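J.: structural data only, the sequence is not supplied:
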């Protein structure tokens, strides 16, 4: 509409200008009905260029105006009114065509060049126009059907294809303001590079320790902290400010503890990943920890976690209610796979035909599981789970789920529901093994007899790293080692260990083939020099029989529980780990590391 209106005015002016000129100039004209068609054509061409350039200036100014403070209204007014004023003067006040037309051309291009000069000083080099590079690209595309476009990236679009999403503000508008503010910070691209490098390296957490001159960076990969290249203090300060801005925290506060959450997608467009930020001032400077919530890719079920079929079927019987009401304890170490095991156990239960109710602390961040109704209490404010139970019992749920048992009264109520109403209760306990999980519940001082009657099974698990199948090395284990491990002679011919470099150095001098690992020189999936790739689980399932129940009722010690379990034929978690070592899935060194946790 704007183009049509401007074009109409231009045509009227250009048509009327010769007539007015004739009225003012009584000079005898030649044939042509008082009109010089070629002059009209030149005026029309100039005005058409004006319409085209005015449209480009308006769109360009709107696109970059918010980022570079270019006032769209001001520059539109300058360009349009300057040209129209000069155009009218050239038509009406200058009687000689060859004098007026160049003036109109100058009136068109001078305000345009002033605008281009101002915008080129503000934008990135790739976004500048009428530069030698821009003109050369225009000539290269001249006459081509498939034109080669110039890829123009804004400053925050540089680097890896990571897109940040701010959280923590009061509303979406506040989060959007934080994103825009973060994009304008100099550390935005370094922040993208840090997240992308951690994600590509399968890191779950990033820890940065700030000192006066440098920053030490470590990555937690498959549950083990690995050292990364140090960063300069200036660079780390910049990306820490970006992370704090995305969490709606205070970038200027370097002493107090700050905590928040933001999201990112990488590579785009992919599912969103949550990142939890914790920063705390230290004696040397500050410590930043980023926890990337990757989900449970590849470890969603007990089968994918590596639990043996027989053990999985036995546990499924208790979760189905084959043995009546049951209290099932799920135990692991906090950093040894507790969240993974807990989620896999819940997903293995039938949540479609039964009502599941979960009671957890508001500060607990457990993964979402479908068809589990969640109710929260605030432990920091003195609230306990038992206060929610009377109201929830009115709904008559089939299963109670508690990621953590916090007090004796909660245990008492749940045991009563198991013993009297045949309900299923799944509770989480942080412990090294199944026997210790029982002891930790007993330390809450619940009614021992009711607890011993309700408890049916305890599952304990740990995550253990798997050897990289690309570079693992076989070796002949000594007979004494096999005997110490309890492996019969002749059962296992070879075990596997981490890749060991050639002592002669001959392999390092050879040229690496395409696709080979830079560390071991072997072609295949790269472990980035860690010699392990991915994790699996080792488990123990302790079924509570009459003998163990009697020991629990008498107020046992930890050793008494373990001895009674072994007498009943229970296999500990170390035995399950030795089975993985014998199969070549992991190494003896890794099993020893995990068992020390």
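T.: Great, that's in hand. Nothing here was measured: the structure is a model prediction, and the numbers come from that model.
J.: quick one: contacts for residue 482?
T.: 488-489, 491-492 (Cβ atoms under 8 Å, 6 or more residues apart in numbering). Using the backbone N, CA and C atoms, a C-beta is placed for each residue, glycine as well.
J.: need the phi and psi values for it.
T.: phi -60, psi -40 (degrees, to the nearest 10).
J.: begin at 138 from now on, thanks
T.: Understood, numbering begins at 138; the last thing we discussed is residue 619.
J.: I'd like to know how far it sits from residue 328.
T.: Noted for residue 619: a distance of 51 Å to residue 328, by Cβ to Cβ, to the nearest Å.
J.: check residue 724 too.
T.: 36 Å.
J.: ok, residue 725 next?
T.: In terms of Cβ to Cβ, residue 725 sits 40 Å off from residue 328.
J.: so the two - more neighbours on which side?
T.: residue 328 (25 against 17; other Cβ atoms under 10 Å).
J.: that one reaches residue 382, doesn't it?
T.: No. Using Cβ atoms under 8 Å, residue 328 makes no contact with residue 382, being 9.7 Å away.
J.: and the residue nearest the centre of the chain, what is it in contact with?
T.: By Cα atoms, centre = their mean, the chain has its centre lying nearest to residue 410, at 3.2 Å. Contacts for residue 410 (Cβ under 8 Å, 6+ apart) come out as 336, 400-403, 429-432.
J.: how long is stretch 636-654 end to end?
T.: End-to-end span of stretch 636-654 (Cα to Cα, to the nearest Å): 12 Å.
J.: tell me, how many residues neighbour the residue nearest to residue 654 when sequence neighbours are not counted?
T.: Closest residue in space to residue 654, ignoring its immediate chain neighbours: residue 663 at 4.7 Å, by Cβ to Cβ, 6 or more residues apart in numbering. As a burial measure, residue 663 scores 18 neighbours (other Cβ under 10 Å).
J.: can you tell me how far residue 663 is from residue 178?
T.: Where residue 178 is concerned, residue 663 sits at a distance of 67 Å (Cβ to Cβ).
J.: ok, now residue 196?
T.: In terms of Cβ to Cβ, residue 196 sits 27 Å off from residue 178.
J.: repeat for residue 414
T.: Taken as Cβ to Cβ, the span from residue 414 to residue 178 is 66 Å.
J.: among these two, which residue is more densely surrounded?
T.: residue 414 (21 against 11).
J.: what helix or strand is the more buried one located in?
T.: strand 410-418 (DSSP states H and E).
J.: that strand: which residues count as buried?
T.: By 16 or more other Cβ atoms under 10 Å, the buried positions in strand 410-418 come out as 410-416.
J.: which strands border the next helix or strand after it, and is each parallel or antiparallel?
T.: Using DSSP H and E, the helix or strand that follows strand 410-418 towards the C-terminus is strand 423-430. Within its sheet, and counting by DSSP bridges, strand 423-430 is paired with strand 340-347 (antiparallel), strand 410-418 (antiparallel).
J.: how is this protein partitioned into domains?
T.: 139-274, 297-430, 439-603+672-732 (automatic domain parsing).
J.: now the second one, how far from the centre of its chain.
T.: On the basis of Cα atoms, centre = their mean, to the nearest Å, domain 297-430 is displaced by 11 Å from the centre of the chain it belongs to.
J.: next: stretch 469-482.
T.: For stretch 469-482, the distance to the chain centre is 20 Å (Cα atoms, centre = their mean).
J.: which other residues reach that stretch?
T.: By Cβ under 8 Å, 6+ apart, stretch 469-482 touches 360, 433, 436-439, 441-442, 452, 456, 465, 467-468, 503-504, 506, 540, 563, 565, 567-569, 596-600, 672, 674, 676, 731, 734.
J.: out of the residues you listed, which end up buried?
T.: 360, 436-437, 439, 442, 452, 456, 465, 467-468, 503, 506, 540, 563, 565, 567-569, 596-600, 672, 674, 676, 731.
J.: among these, name the ones in strands.
T.: Within the buried ones among the contacts of stretch 469-482, residues falling in strands by DSSP state E are 465, 467-468, 563, 565, 567, 596-600, 672, 674, 676.
J.: other residues contacting stretch 505-522?
T.: 480, 483-484, 488-489, 492-500, 524-525, 529, 534, 538-539, 543-544, 546-547.
J.: if we use 7 Å, what do you get?
T.: 480, 483-484, 488-489, 493-500, 524-525, 529, 538-539, 543-544, 547 (Cβ atoms under 7 Å, 6 or more residues apart in numbering).
J.: swap in stretch 452-467?
T.: 478-479, 482, 485-487, 551-552, 555-556, 558-566, 574, 591-596, 678.
J.: list only buried entries from these.
T.: Applying 16+ other Cβ under 10 Å to these flags 478-479, 482, 485-486, 551-552, 555-556, 560-566, 574, 591-596, 678 as buried.
J.: tell me how far the residue lying closest to residue 710 once chain neighbours are set aside lies from residue 230.
T.: In space, and not counting its chain neighbours, residue 710 is closest to residue 677: 4.3 Å by Cβ to Cβ, 6+ apart. In this view, residue 677 and residue 230 are 99 Å apart by Cβ to Cβ.
J.: all helices of the stretch 188-337 of the chain, in order?
T.: 209-229, 234-259, 269-278, 309-320, 325-337 (DSSP state H, counting those that start in this stretch).
J.: low pLDDT regions in the stretch 238-387 of the chain?
T.: Residue ranges of the stretch 238-387 of the chain with pLDDT under 70: 261-263, 278-291.
J.: change it to 80
T.: Scanning the stretch 238-387 of the chain for pLDDT under 80 picks out the ranges 259-264, 270-271, 273-294.
J.: list phi and psi for residue 514.
T.: Dihedral angles (degrees, to the nearest 10) for residue 514: phi -130, psi 160.
J.: on that earlier part again, in CSV, list the strands paired with strand 423-430 along with distance to residue 608.
T.: Listed next are these as CSV, based on distance: least, Cβ to Cβ, whole Å:
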stretch, distance to residue 608
strand 340-347, 20
strand 410-418, 29
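J.: and those strands: which comes nearest residue 210?
T.: strand 410-418 (39.8 Å; Cβ to Cβ).
J.: can you tell me how far residue 415 sits from residue 426?
T.: Residue 415 sits at a distance of 5 Å from residue 426 (criterion: Cβ to Cβ).
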